[in-house]
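Chemist: when you get a sec, could you give me coordinates for this:
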Amino acid sequence: MAGGPYIVTGASKGIGREIALQLAEQGHPVIGLARSSNELVEIGDLLADSCTGSFSIACDLSLPADIQSAAEKICEQFDWIAGIVHNAGTIFPINSMANSDMAQWTNCIQANLIGVQDLTQQVMHLMGGTKQSRVTTISSGASLRPVESWSAYCVSKAGLDMWAKCLAAEGADANISAISVAPGVVDTGMQSDIRSANPANFPSHGDFVSLYTDGHLTQSKDVAEKLSQLILNHSMEHSGQRFDVREL
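Modeler: Reported below is the predicted structural model:
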């Protein structure tokens, strides 16, 4: 193996897919996690063709049983993990706090934040030691400022930023680093979901439609190319920091 293995969540589409491909192309076996789909099977095949030892696992981060099963498979295959890219996430519910479906609100926090902790904890014994392991979380502008009708997403992303800082502090002596990166406004399935929301429930709906129609969205591949070197090479001195892809 040219490089150590990386776990990438949300690997079947968008930014996660492109990051997974970038890492595999640079010689790192990639374990791509995402909910079960034809796209997940396809990316698993592409990753395996690109770098020996790569494969995909169906894993819904809102389901603890899926996380446990995925972690067991990873632990069976590897005795050390070079890093994790926590990219998977959901935007739903897109509605006011007063009118949000509580099951959806809870699911968002579970998938975007609690699942991150669960997965990381279950593979952490494979990380760090004599070689640095690097954890990268995909953040958002919504982690810093409130967006009406995105309460669960904003809360989960703000929590994820602090989660990375906590891991950075606790991982310092174990040679485990953690950073967060805001990718900007990217043309992904999540943006499509945002544009498909009911405007009556989402005051900023028109702004996000305009970002798309006016051509202001960046492409996942371009973002992944900028992120890949930071994911693979950030130092322990960078650990705990939050980056913005537009400043890289």
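
Chemist: tell me the centre residue of this protein?
Modeler: Of all residues in the chain, the one closest to the mean position by Cα atoms, centre = their mean is Asn87, 0.8 Å from it.

Chemist: so which bits of the lengthiest helix in the chain are buried?
Modeler: When the chain is parsed with DSSP state H, its longest helix is helix 151-171. Neighbour counts over helix 151-171 (16 or more other Cβ atoms under 10 Å) mark 151-161, 163-165, 167-168, 171 as buried. Glycine gets a C-beta too; all of them are placed from N, C-alpha and C.

Chemist: what strands line up against the next helix or strand after that helix, and which way round?
Modeler: Sequence-wise, the next helix or strand downstream of helix 151-171 (DSSP states H and E) is strand 176-182. Its sheet considered, strand 176-182 pairs with strand 133-138 (parallel), strand 242-244 (parallel) by DSSP bridges.

Chemist: contact partners of the helix or strand just after strand 176-182?
Modeler: Per DSSP H and E, the first helix or strand lying C-terminal to strand 176-182 is helix 189-195. Applying Cβ atoms under 8 Å, 6 or more residues apart in numbering, the contact partners of helix 189-195 are 13-14, 89-92, 94, 185, 202, 205, 208-209, 211-212, 217.

Chemist: strands of this protein, residue ranges please.
Modeler: Applying DSSP state E to the chain gives strands spanning 6-9, 30-34, 55-58, 83-86, 133-138, 176-182, 242-244.

Chemist: among these, which is nearest Leu47?
Modeler: strand 30-34 (5.0 Å; Cβ to Cβ).

Chemist: where does the prediction get shaky in the chain?
Modeler: For the chain, the stretches with pLDDT under 70 are 1-2.

Chemist: most packed of the strands paired with strand 176-182?
Modeler: Greatest average neighbour count among the strands paired with strand 176-182 goes to strand 133-138 (a mean of 26), per mean count of other Cβ atoms under 10 Å.

Chemist: how about the backbone phi and psi for Ser140?
Modeler: Taking degrees, to the nearest 10, you get phi -160, psi 160 for the backbone angles of Ser140.

Chemist: show me the contacts for it.
Modeler: Tyr153, Lys157, Ala182, Pro183.

Chemist: any idea how far Ala224 is from it?
Modeler: Using Cβ to Cβ, to the nearest Å, Ser140 is found at 16 Å from Ala224.

Chemist: do the same with Pro146
Modeler: Where Ala224 is concerned, Pro146 sits at a distance of 28 Å (Cβ to Cβ).

Chemist: settle it for me: which of the two has more neighbours?
Modeler: Ala224 (25 against 10; other Cβ atoms under 10 Å).

Chemist: quick one: the residue nearest to that one when sequence neighbours are not counted and Glu39, what's the gap?
Modeler: Spatial nearest neighbour of Ala224, chain neighbours left out: Glu18 (3.5 Å); criterion: Cβ to Cβ, 6 or more residues apart in numbering. Note on Glu18: its distance to Glu39, by Cβ to Cβ, is 13 Å.

Chemist: look at the two and report which has more neighbours.
Modeler: Higher neighbour count among Glu18 and Glu39: Glu18, with 24 against 17, using other Cβ under 10 Å.

Chemist: contact partners for that one?
Modeler: By Cβ under 8 Å, 6+ apart, the contact set of Glu18 is Ser220, Lys221, Val223, Ala224, Glu225.
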